[in-house]
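Peer 1: Could you look at this predicted model? Sequence included:
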Amino acid sequence: MKRRAFWAAIGLFGLVGLSGCQNENLFGGLHKEGSGDARSLIADGNAALADLNFPAAEDYFNRALAQDPRSAEALYGAAVAAMGRSGLNLGQLLSNLMTSNPGSSATALRSAVMTAAPGAPTDSILFGLSVADLHNALKAAIPLLERIRLGLSDGTIPADNPNLLINLGLCRILHAATWAYRRPVFDIRVSGSDFEVVQTGGACPDVAIAAEEAAWGARYLGLAAIKLNQSAGDMLFDLQNDAADLYDTQILAGTGCTPAPPSYFDVVLPTLPDQIPAD
C-alpha cells in the first residue's frame, strides 16, 4: 500500500467529513445560537465544525441526538467531531501531502500532527499519532456511522452515500491498525514506499479480528468507488485495492495464520452498529 495514496485518503476523510454535514444540512437558515431544539443544535454543531471546535461540535450533536436519536446529520456530525477531537487534523495532513515533494510525505505528516504515540517505532504507520486518543475516537465514531449505514437513522443521509462509505472504510482500516497495535498483535510498518505487517505477539484469533476490520474497510471503500464510478488509477479505487491487499496478503500471509479467513469480498459486513472488537 503506497503511503502517499493512503494518507491522501485519510486527509480526504477530514475534507469530506467537515463538508459533508454542511452540504447535506436540510435545516439551513438563521436561528438564535444556543437554541435548544434539535435542528438548531445541529446547525450550531456544523458551525463549530467549520471553526474546528471539535469538543463544542460533539456536544451540540450529542445534545441533538438526545432529542432525536435517529437524526442522520447529528450522527454523522458527532462522528466527525469525535475524530477531530482525537487531535488528528486530517485536513491539514491532506494539505501537507498535496504540497510536499514526492517521497517526503512521511516528514510532512509527522510535522502536521500534534501528538506522538509513545513507544511507537518510527517506521510504524501510527508514528506521530496519539494511538490511545485515535483508538477511542474510532470506537465512538464507527457505531455512529454504522447506524446510518444500517438504516437505523431518519434517512436524510442515504445508507449508500459515498461520503459515509469512505468515512466508514477509513475508520475501519485505522481501527484495524490501532486495535492490533494496542493488543499487541501486529504493527503496520513503512517499508520503502509500501506498507508491511510485522507480527509483535498475540494469537491467530486476534489477528483474524484485526484482519476483519481491514476487510470491512476495503469493502466500504470498494462500494464507494463503485458509487463514484472510480476506476484503476483513481485514488479511491487504488486505495480499496491496497486495503484488500493489506487484508488478503499482508495480514493473513504475513502473519502465517491458518486457516485463512475468506477473501475480503466474502466477509459479511457488520449487522449491529456497535460491532467493533472489544479492547
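Peer 2: Sure, I can see it.
Peer 1: sec struct for residue 198, please.
Peer 2: Assigned with DSSP: H, G, I helix; E, B strand; the rest coil, residue 198 falls in the strand class.
Peer 1: Please tell me how far it sits from residue 185.
Peer 2: As for residue 198, its distance to residue 185 is 10 Å (criterion: CB to CB, to the nearest Å). In short, each C-beta sits where N, CA and C put it, glycine included.
Peer 1: Those two: which is more packed in?
Peer 2: residue 185 (25 against 15; other CB atoms under 10 Å).
Peer 1: Cross-check the contact I'm expecting between that one and residue 202.
Peer 2: Yes. Using CB atoms under 8 Å, residue 185 is in contact with residue 202, at 3.6 Å.
Peer 1: contacting residues around stretch 65-81?
Peer 2: 17-18, 20-21, 24-27, 37-38, 41-42, 45-46, 48-49, 54-55, 57-58, 60-62, 64, 140-142, 144-145, 147-148, 152-157, 164, 167, 171 (CB atoms under 8 Å, 6 or more residues apart in numbering).
Peer 1: Pull out the buried members of those residues.
Peer 2: Buried by 16 or more other CB atoms under 10 Å: 17-18, 20-21, 24-25, 27, 38, 41-42, 45-46, 48-49, 54, 57-58, 60-62, 64, 140-142, 144-145, 147-148, 152-153, 156-157, 164, 167, 171, out of those.
Peer 1: those strands in the stretch 151-279 of the chain, which residues are they?
Peer 2: Taking DSSP state E, counting those that start in this stretch as the criterion, the stretch 151-279 of the chain carries its strands at 186-191, 194-199.
Peer 1: where does the stretch 151-279 of the chain have low pLDDT?
Peer 2: By pLDDT under 70, the weakly predicted segments of the stretch 151-279 of the chain are 188-196, 235-236, 249-250, 252-262, 264.
Peer 1: So, low pLDDT: which residues of the stretch 1-150 of the chain?
Peer 2: Short version for the stretch 1-150 of the chain, where the test is pLDDT under 70: 1-35, 87-129.
Peer 1: Many thanks, we can stop here.
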